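Asks: Turn this into a structure:
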Amino acid sequence: RKRYRIIMWEGALRALVCPPSALAPQLDRLMSVIGLDTVELGIVPFAAPLKIQPSNGFWIYDERLVLVEDWHAELWINDADSIALYLRAWNTLRESAVFGADAQRLINDARRALNIG
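Replies: Numbers count the residues shown, from 1 in each chain. Next up is the predicted model:
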């Protein structure tokens, strides 16, 4: 059974890269996955002390592949040393993240800030 472990920066909840009417359902969806046994969703709050800065998005698949989104390309990384580097980055960011009720509070705050139904 797959388990998804997600860390995101609070800014991703608030960035208006789409209309508020499109962002609201995305925030609602994030709220709905908190507490599922197949998902671990952490949010790095604006005020969290950081050992490294949240940067471009990356996904680790079964510790055998990392996909990295950059401005110009999606990078597929499969060498063991680079995968280990991304695992360390993920674990470092996890130390600054909040989960469960604290993550729900940040999502709710972002949702209320949209000022739509």
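Asks: ok, now which ones touch the nearest residue to residue 48 once chain neighbours are set aside?
Replies: With sequence-adjacent residues excluded and distances taken as Cβ to Cβ, 6 or more residues apart in numbering, residue 48 is closest to residue 96, at 4.2 Å. Every C-beta, even on glycine, is put in place using the N, C-alpha and C of the backbone. If you count contacts by Cβ atoms under 8 Å, 6 or more residues apart in numbering, residue 96 has them with 44, 45, 48, 49, 50, 51.
Asks: what about the fourth one, which SS state?
Replies: This means residue 49. Here residue 49 is recorded as coil under DSSP: H, G, I helix; E, B strand; the rest coil.
Asks: residues near it, how many?
Replies: 7 (other Cβ atoms under 10 Å).
Asks: could you check the distance from it over to residue 97?
Replies: 12 Å (Cβ to Cβ, to the nearest Å).
Asks: do the fifth one as well
Replies: The span separating residue 50 from residue 97 equals 10 Å under the rule Cβ to Cβ.
Asks: Which neighbours do those two have in common?
Replies: residue 44.
Asks: With neighbour numbers in mind, choose between these two.
Replies: Per other Cβ under 10 Å, whichever of residue 50 and residue 97 has more neighbours is residue 97, with 21 against 12.
Asks: From what I see, the more buried one and residue 43 are in contact.
Replies: Yes. Judged on Cβ atoms under 8 Å, residue 97 makes contact with residue 43 at a distance of 5.9 Å.
Asks: just the strands in the protein please.
Replies: In the chain, the strands defined using DSSP state E lie at 4-9, 39-44, 58-61, 65-69, 74-77.
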